[in-house]
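> Could you work out the structure for the sequence below:
(chains A and B)
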There are 2 protein chains.
Amino acid sequence: MKKELPIALSNRHIHLTNEHIEKLFGKGYKLNKLKDLSQPGQFASKEKVDIVGPKGELKGVRVLGPARNKTQAEISLSDGFKLGIKPPVRNSGDIEDSPGGKIVGPKGEVEIGRGIIAASRHIHMHIKDAKEFGLKDNDTVRVKVPGERGLTFDNVLVRVNENYALEMHVDVEEGNACGVKNGQIVELVG
Amino acid sequence: MKKELPIALSNRHIHLTNEHIEKLFGKGYKLNKLKDLSQPGQFASKEKVDIVGPKGELKGVRVLGPARNKTQAEISLSDGFKLGIKPPVRNSGDIEDSPGGKIVGPKGEVEIGRGIIAASRHIHMHIKDAKEFGLKDNDTVRVKVPGERGLTFDNVLVRVNENYALEMHVDVEEGNACGVKNGQIVELVG
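Numbering: from 1, shown residues only, chains lettered A, B, ... in the order given. Purely as a prediction, here's the structure:
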């Protein structure tokens, strides 16, 4: 059974609805691709926004494309402290009862009532990867990271989809806690 | 054998020599205690300094007392990125070949040639604790943290001293990576 896969750090970012893109960047505005991300079809856009909370703000948060049907910001727990909110640790898309904030773009601003989360660590797998690893969608696994800051993550969610490329995603704090670099190889353990 | 102990997050901070305290705060200056820390004799002072690197700065970094014989700043890897330096992961006191920076106080500034590190996670133990845990100074252990962001830290250094109180110390990124709060109980595992 396959055990090894690459890991990558996700910096804070935001996904926006088309409605919010227009409010922040102007009527009829479309995101401009800066570069493709590892997951097929996903891209970092040239656009950035500020996120404002009750206690502080995060300047220049990267917008990821394409547009989604729900606006969702993924930040770290330290970012949440800076904003003055407590983002729950959630899977992407699960924004129920999460805090909101003010999103500021060059042409306008939007107050979102919810949508700010800290993303749960997870593994993207194509269907063929899942077969090789002997795993299925929504399984949880443990992942060992080697090195001087080595550790083993529990509760790593496996997401399987024909549009996914094999990669584990952690946020910046999780990545720095184990001192990993993008593309470093980590190992599934029992 | 005892297995459980409390964990605490160390925010970025700096230890200063008496010489640097005088350069930053004025001739004959003594640190003013804000509050005692968990380790006997150690305290958070009321004083703060800024640390300036080639790419950015960290404002209001807490000075810990009492004065030490080497100036040493302990910051996170993300803090290092903000400053534009790469702090090595080191045990306290081991600042050989670490990067330096400019330390700015209200009455002056100091350029330090080295002394900026990311502190290795570690456990402080009194001699009597060490006996109960069956451990000795400089052992390394693994520590399991429970919860939704649960994980197991490898390479946790054990420091034993008659002046230490039982507590594991991690930096903010390590603490947030496992979602712990100060005082939460963690467990030594084999």
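
> how does chain A divide into domains?
Split into domains by automatic domain parsing, chain A comes to A:3-7+A:121-188, A:11-119.

> ok, which residues in chain A are in contact with chain B?
Proximity of chain A to chain B (C-beta under 8 Å from any C-beta of the partner chain) is limited to residues A:76-78, A:89, A:120-121, A:148-155, A:170, A:172-174, A:176-179. The way it works is simple: take the backbone N, C-alpha and C, and place the C-beta from them, glycine included.

> go with 7 Å
A:76-78, A:89, A:148-155, A:172-174, A:176-177, A:179 (C-beta under 7 Å from any C-beta of the partner chain).

> which stretches of chain A form helices?
A:18-25, A:77-83, A:127-133, A:172-177 (DSSP state H).

> Which other helices and strands does the first one contact?
So the one you mean is helix A:18-25. In this structure, helix A:18-25 packs against strand A:109-112, with contacts taken as 3 or more C-beta pairs under 7 Å, 6 or more residues apart in numbering or on different chains; DSSP states H and E.

> Please name the nearest non-neighbouring residue to the residue in chain A that chain B sits nearest to.
Taking C-beta to the nearest C-beta, chain B has its nearest neighbour within chain A at A:A177, 3.5 Å off. The shortest distance from A:A177 to any non-neighbouring residue, by C-beta to C-beta, 6 or more residues apart in numbering or on different chains, is to B:A177 (3.5 Å).

> On the pLDDT front, check the one you found for me.
B:A177 is assigned 98 on the pLDDT scale.

> Confirm for me that A:I14 is in contact with A:D50.
No. A:I14 is beyond contact range of A:D50, at 10.1 Å (criterion: C-beta atoms under 7 Å).

> Not counting residues beside it along the chain, what's closest to A:N32?
That would be A:K46: by C-beta to C-beta, 6+ apart, it lies 4.4 Å from A:N32.

> Could you check how far that neighbour is from B:D137?
Look at A:K46 and B:D137: by C-beta to C-beta, to the nearest Å, they are 54 Å apart.

> what do you get for A:N176?
27 Å.

> Same drill for those two, tell me which one is more crowded.
A:N176 (27 against 13; other C-beta atoms under 10 Å in any protein chain shown).

> quick one: contacts for the closest residue to A:P106 other than its chain neighbours?
Among residues not flanking A:P106 along the chain, A:F25 sits closest, at 6.5 Å (C-beta to C-beta, 6+ apart). For A:F25, the contacting residues are A:47, A:105-107, by C-beta atoms under 7 Å, 6 or more residues apart in numbering or on different chains.

> Surely A:N176 is in contact with B:V172?
No. Judged on C-beta under 7 Å, A:N176 makes no contact with B:V172 at a distance of 9.5 Å.

> what's the overlap in contacts for those two?
B:S76.

> re the thing from before, of A:I14 and A:D50, which one has the most company?
The neighbour count for A:I14 versus A:D50, taken as other C-beta under 10 Å, is higher for A:I14 (26 against 17).

> ok, for the more buried one, nearest residue in space, not its chain neighbours?
A:A73 (4.3 Å).

> for the one you found, what are its contacts?
A:14, A:51, A:61, A:115-116.

> Spatially, which two of the residues you listed are the most separated?
Farthest pair in the contacts of A:A73 (C-beta to C-beta) is A:V61 and A:G115. Separation: 12.6 Å.

> that older thread, of all the domains of chain A, which lies closest to B:L34?
domain A:11-119 (19.5 Å).

> Cross-check the contact I'm expecting between the residue of chain A closest to chain B and B:E173.
Yes. Shown here, A:A177 and B:E173 form a contact pair, counting by C-beta under 7 Å, at 5.1 Å.

> can you count the residues close to the residue nearest to A:N32?
13.

> same question, the one 10 residues further on
A:G56 has 14 neighbouring residues, counting by other C-beta under 10 Å.

> Leaving out chain neighbours, which residue sits closest to it?
A:G56 sits nearest to A:K82 (C-beta to C-beta, 6+ apart), 4.6 Å away.

> same deal with A:G175?
That would be A:L9: by C-beta to C-beta, 6+ apart, it lies 3.7 Å from A:G175.

> what do you get for A:G147?
A:G179 (5.5 Å).

> Against A:S38, how distant is that neighbour?
Taking C-beta to C-beta, one finds A:G179 at 20 Å from A:S38.

> List the contacts of A:G179.
For A:G179, counting by C-beta under 7 Å, 6+ apart, the contacting residues are A:147-149, B:89.

> Looking at those residues, state which has the most neighbours.
Neighbour max across the contacts of A:G179 (other C-beta under 10 Å) = A:R149, 21 neighbours.

> Does A:L16 touch A:V63 like I think?
Yes. Using C-beta under 7 Å, A:L16 is in contact with A:V63, at 5.9 Å.

> Those two: which has the busier surroundings?
A:L16 (30 against 26).

> Looking at the residue nearest to A:P106 now. What's its pLDDT?
98.

> circling back: going by distance to A:E162, which of the contacts of A:G179 wins?
A:G147 (32.8 Å).

> Let me see the backbone angles for that closest one.
phi 120, psi 180 (degrees, to the nearest 10).

> So A:A44 is in contact with A:R62, correct?
Yes. Counting by C-beta under 7 Å, A:A44 does reach A:R62; the two are 5.8 Å apart.

> partners of A:E111 in the sheet?
A:E111 has these beta-bridge partners by DSSP bridges: A:K102.

> likewise A:I185?
With DSSP bridges as the rule, A:I185 is bridged to A:P6.

> Burial check on it, number of neighbours?
13.

> now swap in A:N69 and tell me
With other C-beta under 10 Å as criterion, A:N69 counts 10.

> same thing with A:E111?
9.

> can you check the one 3 residues further on too?
The local packing of A:R114 (other C-beta under 10 Å) involves 15 other residues.

> Report the contact partners of the residue nearest to A:Q184 when sequence neighbours are not counted.
In space, and not counting its chain neighbours, A:Q184 is closest to A:I7: 5.6 Å by C-beta to C-beta, 6+ apart. Each residue near A:I7 by C-beta under 7 Å, 6+ apart is listed here: A:168, A:170, A:180, A:184, A:186.
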